[in-house]
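In: here's my sequence, what's the structure:
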Amino acid sequence: KGIRGAGKLKYLTSNIWSHDFVFYPDSANTMAYKFGIDKSTGPIETPDVKALDVYVHWEPQKDVLEVSDSDKPLEMYEGESAMSGQLTLTPKGLTGDGKMDFGTAEMESSIFNYKSNDFKTDTTSFALKDEASSSGDTANVGLRTDNVRADVTFEGRKGILKSNSAESHVEFPVNKFKAYMEELEWFMDRNEVDMNSSKVDDLGLKGALFVSTSPGMDSLAFAAPIAKFVMKTKTIFCEGVEYIDVADARIKPGDKKITIQKGAELDPLSNATVWVGKEMQTHVLTKADVRIFTSHDYSGTADYTYVDELGTGQLIHFSSVRSQNDITYANGKVEQLSNFTMSPYFAFKGGVELEGNDPLLRFTGFTKIIHPCSNLLNEWLNFNAKIDPKDILIPIGENPKNDDDLPLFNGFLFASDSTGLYPAIFTKKRRFTDYEVLKVSGYLKYDRKMKEFRVGSKEKLGDRTLSGPYLSFNTSNCTSYGEGRMDLGSKMGQVELKAA
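Out: Next comes the predicted model:
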């Protein structure tokens with residue numbers, strides 16, 4: 001049954017008080033009502049430890065003392081942490097197996113190596129939490145990670161944690177994100193964690209992969225080499241973000257920063273660049289203010305530079321940019337006061353639409369031909385078409401109208417006051433009773449080489465030898481030419497014309 005005793009037992013830097021020591025030939029056991037380890041820097045380096053009601057097992061021949069907590073954890077480092085588990089003291093120093101609680105953080109490891117002002121462990125879990133809560137309470141845990149090695153100093157008031165595996169990741173339960181970070185720096189007093197990664201993926205992108213764990217976010221992901229987690233607000237601040245892919249777009253933050261709030265909510269991005277079509281850059285949006293909702297959904301506003309056939313750029317502001325079914329759509333309006341031109345020969349005002357999978361923009365509004373001829377007055381002409389800046393073709397219907405919804409004519413007319421034949425290039429009749437001799441519809445284009453506007457079917461514009469109505473207006477000599485079936489009626493008197 002052993003020899004029993006009461007009092008104080010001292011071993012190395014430890015002190016044990018008990019009412020009932022039980023001594024055996026090779027060991028001693030007791031439930032100590034008080035236990036302590038003195039802070040020492042040598043020859044055996046140990047931290048300050050204080051505890052009540054602990055179980056102590058001592059083996060003198062093996063030179064080892066084991067202390068296990070009961071209901072109350074062991075206070076360590078002058079009350080800076082509480083240890084739940086077992087401490088082992090030998091001439092080599094103090095080690096531990098269990099969970100360390102720092103109030104707003106926890107670590108759990110099978111081997112802690114303690115020194116007077118710091119400790120290390122090769123493998124541990126780590127969690128930041130609300131004070132007086134448990135790391136098992138997900139609602140109160142801001143950050144947690146497993147399988148990291150740690151070096152914690154109470155003098156420097158911080159800890160360095162490094163990943164042991166490429167598969168190790170940091171989880172942010174409240175933010176519903178995870179990140180494959182290589183190194184974390186924990187600041188005790190601020191309750192913040194700085195994170196960094198030097199990983200480089202197959203595309204040369206540097207940083208740790210951040211992936212949303214929220215089912216509604218559809219695995220939204222991006223890479224960031226630097227990040228900070230602030231426990232007080234449970235906010236993740238990411239820096240060095242080159243881009244984030246959403247739907248068919250590659251969104252490049254203007255300041256290379258992304259902020260993640262609770263519930264996987266991302267702060268709006270300002271002055272971003274959006275590559276619609278991703279690396280293909282089917283369209284490029286600039287000065288974009290966007291909100292990202294999921295990996296398939298974003299919206300905002302942006303500017304777009306329309307480049308004409310001469311390489312001249314003009315700004316279009318899209319007041320609505322959105323994704324739908326993984327395709328980006330954008331809408332904007334060009335006012336007349338902006339003096340916007342689709343080319344040096346076509347002015348435009350109206351609406352502009354972008355569709356992510358189409359390299360051409362759709363223009364819905366009015367155009368006016370630009371020319372130096374003062375004797376020819378032309379008006380705004382309504383149209384709706386996708387425009388190729390290098391080869392503008394504007395559809396002309398049978399009944400074109402101007403911006404006052406009044407009918408326009410294109411062709412030749414005979415004046416009702418008998419003043420003769422006159423050309424009309426997208427203008428109103430001089431008089432309502434003027435007679436239509438040649439009416440031309442189809443498509444309008446400008447021939448730079450011949451310096452003339454041309455109207456006709458696509459086939460006729462491509463091959464002048466084909467039959468069909470055709471009209472041209474030369475901007476050098478301000479003359480008009482027409483051909484096709486003419487309705488001469490009885491207005492020509494004794495003038496002989498051959499109608500083709």
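In: make sure Gly263 is indeed in a helix.
Out: Yes: remark: Gly263 belongs to a helix, assigned using DSSP: H, G, I helix; E, B strand; the rest coil.
In: residue contacts, the closest residue to it other than its chain neighbours?
Out: When the adjacent residues along the chain are set aside, Gly263 lies closest to Lys176, with 6.2 Å between them (CB to CB, 6 or more residues apart in numbering). C-betas here are computed from N, CA, C, even on glycine. Residues counted as contacts of Lys176 (CB atoms under 8 Å, 6 or more residues apart in numbering) are Ser212, Thr213, Ser214, Met217, Gly263, Ala264.
In: just the buried residues of those residues.
Out: Among these, those buried by neighbour count (16 or more other CB atoms under 10 Å) are Ser212, Met217, Ala264.
In: which ones are touching Ile292?
Out: Residues touching Ile292, when contacts are defined by CB under 8 Å, 6+ apart, comprise Leu220, Ile244, Val246, Ile251, Leu266, Leu269, Tyr298.
In: does Phe126 touch Val148 like I think?
Out: Yes: contact criterion CB atoms under 8 Å: Phe126 and Val148 qualify, at 6.2 Å.
In: which residues do those two both contact?
Out: With CB under 8 Å, 6+ apart as the test, Phe126 and Val148 both reach Leu161, Leu184.
In: what separates Asp358 from Ile327, distance-wise?
Out: Note on Asp358: its distance to Ile327, by CB to CB, to the nearest Å, is 9 Å.
In: now swap in Arg430 and tell me
Out: Using CB to CB, we find Arg430 at a distance of 48 Å from Ile327.
In: how about Met450?
Out: Separation of Met450 from Ile327 (CB to CB): 40 Å.
In: which one of these two has more residues nearby?
Out: Higher neighbour count among Met450 and Ile327: Ile327, with 16 against 12, using other CB atoms under 10 Å.
In: that one bridge partners, please.
Out: When bridges are taken as DSSP bridges, the partners of Ile327 come out as Gln324.
In: report pLDDT for it.
Out: Per-residue confidence (pLDDT) for Ile327: 98.
In: one more: Ser134?
Out: Ser134 is assigned a pLDDT of 55 by the prediction.
In: next: the one 10 residues further on.
Out: The pLDDT attached to Arg144 in the predicted structure is 96.
In: tell me, how many residues neighbour Gln324?
Out: Every residue meeting other CB under 10 Å relative to Gln324 is counted, giving 12.
In: what of Ser480?
Out: Burial measure for Ser480: 18 neighbouring residues, criterion other CB under 10 Å.
In: can you tell me which residues contact it?
Out: Ser480 makes contact with Phe412, Pro423, Ile425, Leu471, Ser472, Phe473, Asn474 under the criterion CB under 8 Å, 6+ apart.
In: do the same with Leu444
Out: Going by CB under 8 Å, 6+ apart, Leu444 touches Ile369, Leu381, Leu393, Ile394, Pro395, Ile396, Phe453, Arg454, Val455.
In: can you redo those as a markdown table with distance to Tyr446?
Out: Below are the contacts of Leu444 laid out as a markdown table (distance: CB to CB, whole Å):
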| residue | distance to Tyr446 |
| --- | --- |
| Ile369 | 8 |
| Leu381 | 14 |
| Leu393 | 10 |
| Ile394 | 10 |
| Pro395 | 15 |
| Ile396 | 13 |
| Phe453 | 5 |
| Arg454 | 7 |
| Val455 | 11 |
